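S.K.: A structural model of the following input is requested.
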Amino acid sequence: MSKPNHTSEFEIDPERLALTVLNNLNLSASVAYLVIDHQNWSIIYASPNLARLLPDTPDQPQKQPFTDIIWELAGFESHLTALIDQPEETFRLDKMNRTHNGELLYYNMQVKAMPITHLPHHLLCILEDVTDAVRTEQQLVQQRNELELAQAKLVATNDALQHLTQLKTLMLSMVAHDMRSPLSAMRGYSELLLNPKSVISAEEKTEFLSAIWSQTIWMDKLISNLLDLDRIERGTLLLDTEPCDLVDLITDTIDSLIPTLKLANLTIHFKRPQEEYLIAGDTPRLQQILYNLLNNAIKYTPAGGEIFILLAQTLNQIECHIKDTGPGIPFDEQATLFDAYQRTSQSEKSTIVGSGLGLYIVKMLVEAHNGEVTVDSSEGEGTTFSLYFPPYQDEIIWLE
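M.R.: Numbers count the residues shown, from 1 in each chain. A predicted model of the protein is given here:
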């Protein structure tokens, strides 16, 4: 007995099956479709959810020009015509967008020739709402970019911290070296003075005591630089201002450096003017500025050299120029000369000691006085540091 042939009892119409699938898909409200008559470019059918999927679409779009509903296809008629003869091809537009109530909506669209025998000149346009997917993708891209930016900032911050740690380690070693030098000199002179077997004249005794005194001044200035660096970094440096005469400050600073100048065999030139050069300043801080600049000139000027100090005054500012006859500073090093822990190539190649803080402190203190410091130097022609301050005004200046 033969088995019944069930396939002969049921005929499946593929066209009806396709339409059934499409109708069920559009119930989800994420996919809609319409049929376009290629001969007159009008819409002959649209899925019931088209207006819901595509805002601002009329409820009955049939018989309207397809570009009134899907204006994104305007200008692509030749591409769509080619689909009639190439039914296996698909025309796609991905992530096309429209604005509705201030929000961007995104769609993927594909157009194919209708796979139905009795509709040979019709096109099927399928629209898929991909707004949620695109927004999620955009959020992921934004989060990835933010993560990469944060990672780059973290790497840069870590590199900066490592660099700062290296600089501070270098600074501590240089400070230790700087303090060891005056301590060694003080110890040597003290041993000579305390040795009962030493034959020392009164003149030599005065010279040794002067040398010890100048070394204590140097150590005091070094410690002041370190303390000021900490205050500047924490933003707690307050200047107690009063009328200060730069002439007196320069004279006092030169007097404190006379023993050092003698030991270095240098000559300093300063023609004391009769008039006052008054600025609003903190006396100890101004002395520190002058001491750092003059001591810098002493360190870098070879024996037998000269240092010149010149004062000038205009209506809006008071100027102080300190020029030495040292080797000069390479031009490419001048831009970073006032940065913390910076030292010139000459100092690195020589036995000149220094923490790399002196000029940084000078710049910070000068700016705290509403002033400016500049450098003018050429290799082999010496260096000139210039200070510019506003004339005295009765006010208290804070370092921000």
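S.K.: Assign the residue lying closest to Gly380 once chain neighbours are set aside to helix, strand or coil.
M.R.: Counting by Cβ to Cβ, 6 or more residues apart in numbering, Gly328 is the residue found nearest to Gly380 once chain neighbours are left out, at 5.6 Å. Where you see a C-beta, it was placed from the backbone N, CA and C, and this is true even at glycine. Secondary structure for Gly328, judged by DSSP: H, G, I helix; E, B strand; the rest coil, is coil.
S.K.: Return the residues in contact with Gly328.
M.R.: 377-383 (Cβ atoms under 8 Å, 6 or more residues apart in numbering).
S.K.: Surely Leu104 is in contact with Asn97?
M.R.: Yes - under the criterion of Cβ atoms under 8 Å, Leu104 makes contact with Asn97 at 5.1 Å.
S.K.: which of the contacts of Gly328 has the most neighbours?
M.R.: Thr383 (24 neighbours; other Cβ atoms under 10 Å).
S.K.: sec struct for the nearest residue to Leu249 once chain neighbours are set aside, please.
M.R.: In this structure, Leu249 finds its nearest non-sequential neighbour in Leu286, 5.3 Å apart by Cβ to Cβ, 6+ apart. Leu286 carries the three-state label helix when classified by three-state DSSP.
S.K.: surely Leu286 meets Val247?
M.R.: No - if you go by Cβ under 8 Å, Leu286 and Val247 don't touch, sitting 11.8 Å apart.
S.K.: Settle it for me: which of these two has more neighbours?
M.R.: Neighbour count, other Cβ under 10 Å: between Leu286 and Val247, Leu286 has more, with 26 against 18.
S.K.: mind listing what the more buried one touches?
M.R.: Applying Cβ under 8 Å, 6+ apart, the residues near Leu286 are 244, 246, 249, 279, 365, 369.
S.K.: In terms of helices and strands, where is Gly188?
M.R.: Using DSSP states H and E, the element containing Gly188 is helix 131-194.
S.K.: now for that helix, which elements pack on it?
M.R.: strand 103-113, helix 202-234 (3 or more Cβ pairs under 8 Å, 6 or more residues apart in numbering; DSSP states H and E).
S.K.: Can you tell me, leaving aside adjacent residues, what's nearest to Gln313?
M.R.: Tyr277 (6.0 Å).
S.K.: Which stretches in the stretch 1-150 of the chain count as helices?
M.R.: 14-26, 50-53, 66-69, 77-85, 131-194 (DSSP state H, counting those that start in this stretch).
S.K.: about what we covered before: would you turn the helices and strands packed on helix 131-194 into CSV with distance to Tyr300, mean neighbour count and mean pLDDT?
M.R.: Output for the helices and strands packed on helix 131-194, formatted as CSV (distance: least, Cβ to Cβ, whole Å; neighbours: other Cβ atoms under 10 Å; pLDDT from 0 to 100):
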stretch, distance to Tyr300, mean neighbour count, mean pLDDT
strand 103-113, 65, 18, 92
helix 202-234, 16, 15, 77
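S.K.: is it possible to export these to a markdown table including distance to Trp41?
M.R.: Listed next are these as a markdown table, based on distance: least, Cβ to Cβ, whole Å:
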| stretch | distance to Trp41 |
| --- | --- |
| strand 103-113 | 12 |
| helix 202-234 | 74 |
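S.K.: Strands of the stretch 301-400 of the chain, start to end?
M.R.: If DSSP state E, counting those that start in this stretch is used as the criterion, the strands of the stretch 301-400 of the chain fall at 306-313, 318-324, 372-377, 383-389.
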